[in-house]
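Novice: here's a sequence, model it:
(2 chains)
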There are 2 protein chains.
Amino acid sequence: MSDLKQVSCSKCFNGRQLVYEHSSKELGCRMKFSIYLPSAALEPNAKLPVVYYLSGLTCTEQNMITKSGFQKYAEKYKLIVVGPDTSPRNCNVPGEDDSWDLGTGAGFYVDATQEPWSKHYRMYSYVTQELRNVINENFPAVDPSRTGITGHSMGGHGALVAFLRNPDVYNAVTAFAPISNPMESSWGVKCLSTYLGDDKTAWKEYDATELVRRQPRKDVKIIIDQGSEDEWMSFLKPENFKNACETSNQPLEFNMREGYDHGYYFVATFIENHLEHFSKALRD
Amino acid sequence: MSDLKQVSCSKCFNGRQLVYEHSSKELGCRMKFSIYLPSAALEPNAKLPVVYYLSGLTCTEQNMITKSGFQKYAEKYKLIVVGPDTSPRNCNVPGEDDSWDLGTGAGFYVDATQEPWSKHYRMYSYVTQELRNVINENFPAVDPSRTGITGHSMGGHGALVAFLRNPDVYNAVTAFAPISNPMESSWGVKCLSTYLGDDKTAWKEYDATELVRRQPRKDVKIIIDQGSEDEWMSFLKPENFKNACETSNQPLEFNMREGYDHGYYFVATFIENHLEHFSKALRD
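Specialist: Got it, this is the predicted structure:
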């Protein structure tokens, strides 16, 4: 059994917005995560789909739950929504607090292989395995056979990679303004080279554009929303991902949202569409 | 003309969430405020109602616009929503940063008469006069004859007081968990005694329970939402306000919301009801 400790619980849209902390073996530290239980999850013998939301650079488990307004739709569509943190915390890895786009708040959802990162920076295994096990074991209302994943920016990258590499785990995926081709983005190159070293073969396992070229999931439609006025557009490379999907016959719904920027006002505007999609894609 | 400067602009639910700063004469400092313009406000010759949202202790103009999710409903109900800051900023008033519930972030929507506060801490006049004039003069889509006011906690106090004292200005009011009888609350006593001195006659002008006893607005229904699990309930005194409304025949809809606490998850859950009320109460 894990050592879950409840940090907070607030009623919200009739369900419960909770935050827990636990000791992560993968990361070697205490980690927080959020979980929203719609009121349907509080019924006896409830079994509901679960959606993981991966956050972007600098975020904690708090940003999405305070800023996206997703709870109204998680309640409406009877979805449990889990939000991990974005990196290990308080591990005293040298250099982890030197910049906002590497280290703390910037785990990039990879398993680092390079010193001094490799001991703690294992967010890929944490999100796709350890945290999922913690959720499935401790929240009986979760139906593990109906699991979706989404995310914003760096978290959109994490969601696409997790989905493409784990067809047995994730049944559906969406993303908001994902870093779609990190090998071609200065954010991605900085994180991938630091965490994984110079051999770009290793990078390809964490690049959605590379992965979808090689192993598309032709049975599942990917949905991406992207703001046309995104101030980080040149770091995101959505065109590369679109082209790769086309080449490999990966079904993709790509929505360019006119006038929207990169922030949570954009996420909040479109999150209902994403949760509605999950409710259909993860139907019993 | 005022010296408005746009700080940020993001598209959100098809409208625009803006933040501006300007020089306030009442407060003697630069102040920020938020304004949401629904897409209907961007049409030529638009004339829409405006709702002021006053925030609680420690807040800036950011909390409500990032956490309440009101924009969806402001767009839906065609309301312009303005959010002032909660105190003067950077005025170097001695003691203003010593505690979280006095001074910075805690202007309490009064005009201070005591040294060293009286020069800058004039949030009552700022909100009810100066800022309104700035808004009415600079945003032609605002119809000043249809003005509502609401708020949360300290801001709910500010909204009720502004509404009761200015029947010519505010046509409708609601509040979330307002400090309803500050003369009987330790938060209120701290702020009122510091800003206004020991003579409680002056305090009564800033106490909704006192005001509604003396000068109810029998033509307008007040709406209040209150979480039953509010951790600050003993500071809010909703029963005193309810009793005073009953005694003075002030129409009041008081909704005790079972299980909700004091925070923005509570506000987010019920803000649609409030904006729907304003759209009806401020109908053309």
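Novice: please count neighbours and contacts with C-alpha atoms only from this point.
Specialist: Will do.
Novice: longest helix of chain A, counting residues only.
Specialist: Counting by DSSP state H, the longest helix found in chain A is helix A:264-281.
Novice: buried sites along it?
Specialist: In terms of neighbour count (16 or more other C-alpha atoms under 10 Å in any protein chain shown), helix A:264-281 has its buried residues at A:264-272, A:274-279, A:281.
Novice: which of those come close to chain B?
Specialist: The subset of the buried residues of helix A:264-281 within reach of chain B, by C-alpha under 8 Å from any C-alpha of the partner chain, is A:264-266, A:268-269.
Novice: among the residues you listed, which one lies nearest to residue B:37?
Specialist: Using C-alpha to C-alpha, the shortest approach to residue B:37 within those belongs to residue A:265, at 13.6 Å.
Novice: that closest one against residue A:68, yeah?
Specialist: Yes. Residue A:265 lies in contact with residue A:68 (C-alpha atoms under 8 Å); the separation is 7.5 Å.
Novice: which bits of the stretch 151-284 of chain A sit near chain B?
Specialist: A:259-261, A:264-266, A:268-269.
Novice: those strands in the stretch 1-150 of chain A, which residues are they?
Specialist: A:5-12, A:15-24, A:29-37, A:48-54, A:80-84, A:142-151 (DSSP state E, counting those that start in this stretch).
Novice: out of those strands, nearest to residue B:134?
Specialist: Of those, nearest to residue B:134 by C-alpha to C-alpha is strand A:5-12, at 35.2 Å.
Novice: quick one: mean pLDDT for the closest one?
Specialist: When pLDDT is averaged over strand A:5-12, the result is 98.
Novice: that one near chain B anywhere?
Specialist: Yes. Using C-alpha under 8 Å from any C-alpha, we find that strand A:5-12 touches chain B at A:10-12.
Novice: where exactly do the helices run in the stretch 101-250 of chain A?
Specialist: Remark: helices assigned in the stretch 101-250 of chain A by DSSP state H, counting those that start in this stretch are A:123-125, A:131-138, A:154-165, A:186-196, A:200-203, A:208-214, A:233-236, A:238-247.
Novice: what's the end-to-end length of stretch A:234-250?
Specialist: End-to-end distance for stretch A:234-250, by C-alpha to C-alpha, to the nearest Å: 23 Å.
Novice: and the furthest pair within the buried residues of helix A:264-281?
Specialist: The widest separation within the buried residues of helix A:264-281 (C-alpha to C-alpha) is 25.1 Å, between A:265 and A:281.
Novice: which helices and strands does the longest helix of chain A pack with?
Specialist: helix A:62-67, helix A:71-77, strand A:172-176, strand A:222-227, strand B:5-12 (3 or more C-alpha pairs under 8 Å, 6 or more residues apart in numbering or on different chains; DSSP states H and E).
Novice: for the second one, packing partners?
Specialist: This points to helix A:71-77. Using 3+ C-alpha pairs under 8 Å, 6+ apart: helix A:71-77 touches strand A:15-24, strand A:29-37, helix A:264-281.
Novice: got the ones you listed as a markdown table, with mean pLDDT and distance to residue A:63 columns?
Specialist: Listed next are these as a markdown table, based on pLDDT from 0 to 100; distance: least, C-alpha to C-alpha, whole Å:
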| stretch | mean pLDDT | distance to residue A:63 |
| --- | --- | --- |
| strand A:15-24 | 98 | 12 |
| strand A:29-37 | 98 | 10 |
| helix A:264-281 | 98 | 9 |
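Novice: could you dump the ones you listed into JSON lines with distance to residue A:225 added?
Specialist: Listed next are those as JSON lines, based on distance: least, C-alpha to C-alpha, whole Å:
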{"stretch": "strand A:15-24", "distance to residue A:225": "25"}
{"stretch": "strand A:29-37", "distance to residue A:225": "23"}
{"stretch": "helix A:264-281", "distance to residue A:225": "8"}
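Novice: these: which one's closest to residue B:35?
Specialist: Minimum separation from residue B:35 across these (C-alpha to C-alpha) falls at helix A:264-281, 13.9 Å.
Novice: just name the most buried of the helices and strands packed on helix A:264-281.
Specialist: Stretch with highest mean neighbour count among those: strand A:172-176 (a mean of 29; mean count of other C-alpha atoms under 10 Å in any protein chain shown).
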